[in-house]
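S.K.: Fold the following, please.
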Amino acid sequence: MCNTCKTRNTRNICNICLTSKTKCVKIKLSLRKGSNLKMAIGKIFYSSWGYEQTNIDFYKVVEVSKSGKSISLQPIGSKIVGDNGWCSEEVIPDENKLKGEVLTNRRLMNSGSDRLFVNVSERSDYKVYAYEWDGSPKTQTSYY
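M.R.: Okay, the predicted model is just below:
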């Protein structure tokens, strides 16, 4: 059920509420003693993965738990902003391109250097971590 409009679905938020939600809710995280990190709806995370190529995936925070220790992420598309030559390009998130289902209840982790990350893998035997996006284009590669 969508927490915002209460329509029946398998996610905590529906696509209609996701695209119309503009309010940014900031919640102070206490992931470790003395931490002053904040998580906000709309913040972007990215993951880098691949075998013989580098894939970049972007995610947008669509929900923050009351405790501030877990989030829900909407996979979003990317757009090419630069060409690095043969099979290499620079990409940034495209918040207008929604991809797939919302990833719910993802536990936030802290690397110890005030850099938050979260596991975005659906499999228990394979981990893919997404990190807070710093605003700079990310390099992806492909033979295609």
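S.K.: chain center to the helix or strand harbouring residue 59, what's the gap?
M.R.: Using DSSP states H and E, residue 59 falls within strand 55-64. Centroid separation for strand 55-64 versus its chain: 2 Å, with C-alpha atoms, centre = their mean, to the nearest Å.
S.K.: Direction included, what does the helix or strand following that strand pair against?
M.R.: Proceeding N to C from strand 55-64, the next assigned helix or strand is strand 70-85, under DSSP H and E. Note on strand 70-85: by DSSP bridges, its sheet partners are strand 55-64 (antiparallel), strand 88-98 (antiparallel), strand 103-110 (antiparallel).
S.K.: out of these, deepest packed?
M.R.: strand 55-64 (a mean of 22; mean count of other C-beta atoms under 10 Å). C-beta here means a position set from N, CA and C on the backbone, and glycine is covered the same way.
S.K.: average pLDDT for that strand?
M.R.: Here strand 55-64 scores 94 as its mean pLDDT.
S.K.: circling back to that earlier point, save the strands paired with strand 70-85 as JSON lines, and put in distance to residue 42 too.
M.R.: Compiled in JSON lines, those are given as follows (distance: least, C-beta to C-beta, whole Å):
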{"stretch": "strand 55-64", "distance to residue 42": "6"}
{"stretch": "strand 88-98", "distance to residue 42": "8"}
{"stretch": "strand 103-110", "distance to residue 42": "15"}
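S.K.: Of those, which is nearest residue 143?
M.R.: strand 88-98 (10.6 Å; C-beta to C-beta).
S.K.: from the middle of its chain, how far away would the closest one be?
M.R.: That offset, for strand 88-98, works out to 12 Å (C-alpha atoms, centre = their mean).
S.K.: same thing with stretch 88-105?
M.R.: How far stretch 88-105 lies from its chain's middle: 8 Å, per C-alpha atoms, centre = their mean.
S.K.: Please apply the same query to stretch 46-58.
M.R.: With C-alpha atoms, centre = their mean, you get 13 Å for stretch 46-58.
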